[in-house]
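Engineer: prediction below, plus the sequence it came from.
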Amino acid sequence: MKALLISVQRNLDIIGLKGLHHLLLANGHDSHLLYLPRFEAADERDLGALRSFVANVAPKLIGVSLMANDYGVAAAVTDYLKQTFPDIVVVWGGIHATTAPEMSLDHADYVCVGEGEQTLLDMLAAVEEGRPLTGIPNLCYLEHGRLVRNPLHPLIEDLDSLPIVQQVPPNSFVQLGGRVAPLNKRHLSRFKRYRGGVHKIITSRGCPYGCTYCCNHFLRKLYGRWGVRRRSVAHVMAELEAALTGGPRLEYVDFIDDCFLACDLDYLEEFRGEYKARIAKPFIAKGMPGYFTREKMDLAVDAGMAWANMGLQSGSDRVCREVYRRAASSQEFIEAANLIHEYPVAAYFDVIVDDPFESVEETLDTVETLMATPKPFYILIFSLNFYHGTALRERALEEIPGDVDDPLTKDYLVRDRRTVNELIEMAPMLHTPLMRNLVARFRRDPDGLATRMAIFLARIYCLGVLGPISYFRLIMRTQKGSVWRTLSVIPLYVNGALVYHLNYLAFFKRRRVKGEG
């Protein structure tokens, strides 16, 4: 059975849809995977290339995967395909389709909610046999204008039952410049989210936590449970070995699990031995403060962990506890950061800003927490987005509906132009005495000319001097303190560093100004 799976993401670092493509191939289906990283619905060349490709493949089913920020492109692609090929069944999947099925059905014929592997196989079997799709688990559809939700397939417990994913899958294509071409290593290198030989892989599904701003909270409610299910070490190693030989050069492995360290010591010890023997590349791993223990750090660092990512989100314990429902306190975060700092590992931490439930003084708690965190480190700053299906969105719509931006169009990387956000940006770089002086000045006179001038000059100093120094020191930690090796790997980081500093410069052009109160 011919199927076409379409990614509308602006980069090629997709995992879920690629896994579905491999699953269909493994089950004897003639699956095609099409990437649309630069698709423009207003460009006749793009429309023509898409039309010709779909006509040539002649699929019986088209699947489109999307997140919230992909909605506009996914809608445009789907509407065009439905108009041009009205007999082809179109199903949407992915986290946005899962959390907002009714909205998604404005465009798609069906929506797959939750894990889609068995549902997609069921759909192809039904289409091939001429049976209706309406009874297939996980599907949502409209019947006489009413939303119908079918029961769910059980969660996949044995993740090793799923096929190994290749960097350049068979039957995969990319549309660029008004034409569709077979995907190759050059395309993959060009359209990675981060260049420099970083390969992303996920080794588990689920999360031990259910933060109110995150889809994991929704998925736990959807299934009744959403604990961590993990692939075997052997399965992970097989995929990484395939990535070493079957794609662009691999310099770093990025484990994008929600919490990679949410595993027991026996698993991590087995991983350590196999990874060192078979892969031997530095890697990036994420965890919550409670999972950064000395025993796990010993094993992970010996295995090759070079970068550690941990979420702070807010330095206010009230906000973390009552608004985000996060288990870790600011003190636990600092303790975990101190532990990470003892190892030759570079650290970066996640912070959420622009939260209308958080006062300015509580945002300053984040600044204070970052000031107490051992340098060097850098932070990823995210502007709070109230995504569909999250508990925090439901609360915000009830209590502060005027502060809820459209998550389909809001860029979570674009922060409000508020002085307190500037303080957060500088906290990882600026010398602590100077930082304390700025915070004290801000508390005394947040809108004063002297305050704004002092912060402006400090930002220039951070951008031109301290930022590059801090980034160099971080890279040097990943190279065990060797200046020579650090200089030799700098080219791998150029893309990431440029993105970081261009985002910093773009702060001058933020989308709106809000008061501090």
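Structural biologist: The structure has been received and is ready for your questions.
Engineer: helices or strands up against whichever strand or helix holds Glu425?
Structural biologist: Glu425 is part of helix 419-426 when elements are defined by DSSP states H and E. On a contact count with 3 or more C-beta pairs under 8 Å, 6 or more residues apart in numbering; DSSP states H and E, helix 419-426 meets strand 346-353, helix 360-371, strand 378-383, helix 432-444, helix 449-461. Every residue, glycine included, has its C-beta placed from N, CA and C.
Engineer: same list (those) but as a markdown table, adding mean neighbour count, mean pLDDT and distance to Ser316.
Structural biologist: Shown next, in a markdown table, are those (neighbours: other C-beta atoms under 10 Å; pLDDT from 0 to 100; distance: least, C-beta to C-beta, whole Å):
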| stretch | mean neighbour count | mean pLDDT | distance to Ser316 |
| --- | --- | --- | --- |
| strand 346-353 | 21 | 97 | 11 |
| helix 360-371 | 20 | 98 | 4 |
| strand 378-383 | 19 | 95 | 16 |
| helix 432-444 | 15 | 97 | 15 |
| helix 449-461 | 14 | 96 | 21 |
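Engineer: make a markdown table out of these and add distance to Val8.
Structural biologist: Converted to a markdown table, those look like this (distance: least, C-beta to C-beta, whole Å):
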| stretch | distance to Val8 |
| --- | --- |
| strand 346-353 | 25 |
| helix 360-371 | 34 |
| strand 378-383 | 22 |
| helix 432-444 | 42 |
| helix 449-461 | 36 |
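Engineer: indicate which one of these is closest to Gly197.
Structural biologist: strand 346-353 (16.2 Å; C-beta to C-beta).
Engineer: quick check: angle from that closest one to helix 419-426?
Structural biologist: Computed with axes from the mean of the first three to the mean of the last three C-alpha atoms, to 10 degrees, the direction of strand 346-353 lies at 170 degrees from that of helix 419-426.
Engineer: if we can go back for a sec, select, out of the helices and strands packed on helix 419-426, the one closest to Val90.
Structural biologist: Val90 lies closest, by C-beta to C-beta, to one member of the helices and strands packed on helix 419-426: strand 378-383, at 31.4 Å.
Engineer: now do the closest one and helix 360-371, the angle between them.
Structural biologist: Using the same axes, to 10 degrees, strand 378-383 lies at 160 degrees relative to helix 360-371.
Engineer: downstream neighbour of strand 378-383 in the secondary structure list?
Structural biologist: helix 391-399.
Engineer: where along the stretch 51-200 of the chain do the helices fall?
Structural biologist: 71-84, 95-99, 101-104, 117-129, 185-190 (DSSP state H, counting those that start in this stretch).
Engineer: what average pLDDT does the fourth one get?
Structural biologist: The one in question is helix 117-129. In this model, helix 117-129 has an average pLDDT of 97.
Engineer: same check on the shortest one?
Structural biologist: Confidence for helix 101-104, expressed as mean pLDDT, is 97.
Engineer: point to the residue nearest the middle of this protein.
Structural biologist: With distances taken as C-alpha atoms, centre = their mean, the chain has Ile256 as the residue nearest its mean C-alpha position (7.6 Å).
Engineer: is it true that that one touches His199?
Structural biologist: No. Assessed by C-beta atoms under 8 Å, Ile256 is found out of contact with His199, at 10.3 Å.
Engineer: orientation of the helix holding Glu425 relative to helix 432-444 in degrees?
Structural biologist: 170 degrees.
Engineer: chain center to helix 419-426, what's the gap?
Structural biologist: Counting by C-alpha atoms, centre = their mean, to the nearest Å, helix 419-426 is centred 23 Å from the centre of its parent chain.
Engineer: hmm, who's touching it?
Structural biologist: Applying C-beta atoms under 8 Å, 6 or more residues apart in numbering, the external contacts of helix 419-426 come out as 351, 353-354, 360, 363-364, 366-367, 370, 379, 381, 415, 435, 438-439, 442, 446, 451-452, 455, 458-459, 462, 504, 507, 516.
Engineer: after the helix or strand Leu5 falls within, which helix or strand is next?
Structural biologist: Element membership of Leu5, judged by DSSP H and E, is strand 2-7. Toward the C-terminal end, the helix or strand that comes next after strand 2-7 (DSSP H and E) is helix 16-26.
Engineer: sec struct for Asn309, please.
Structural biologist: Recorded secondary structure, Asn309: strand (DSSP: H, G, I helix; E, B strand; the rest coil).
Engineer: kindly tell me how buried the closest residue to it other than its chain neighbours is, as a neighbour count.
Structural biologist: Excluding its sequence neighbours, the residue lying closest to Asn309 (C-beta to C-beta, 6 or more residues apart in numbering) is Lys286, at 4.4 Å. Lys286: 21 surrounding residues under other C-beta atoms under 10 Å.
Engineer: ditto for Arg473
Structural biologist: With other C-beta under 10 Å as criterion, Arg473 counts 15.
Engineer: excluding sequence neighbours, find me the nearest residue to it.
Structural biologist: Nearest residue to Arg473, sequence neighbours excluded (C-beta to C-beta, 6+ apart): Pro376, at 4.2 Å.
Engineer: check Trp226 too.
Structural biologist: Arg220 (3.7 Å).
Engineer: the one you found reaches Thr212, doesn't it?
Structural biologist: No. In this structure, Arg220 is not within contact of Thr212 by C-beta under 8 Å, at 11.3 Å.
Engineer: ok so, going back, return the most buried member of the helices of the stretch 51-200 of the chain.
Structural biologist: helix 95-99 (a mean of 24; mean count of other C-beta atoms under 10 Å).
Engineer: contacts for it?
Structural biologist: 65-68, 70-71, 104, 108, 111-114, 215, 218-219, 222, 387-390.
Engineer: and the residue nearest to Tyr71 when sequence neighbours are not counted, backbone torsions?
Structural biologist: Distances taken as C-beta to C-beta, 6+ apart put Leu408 closest to Tyr71, at 4.6 Å, once the chain neighbours are dropped. Main-chain torsions, Leu408, degrees, to the nearest 10: phi -80, psi -20.
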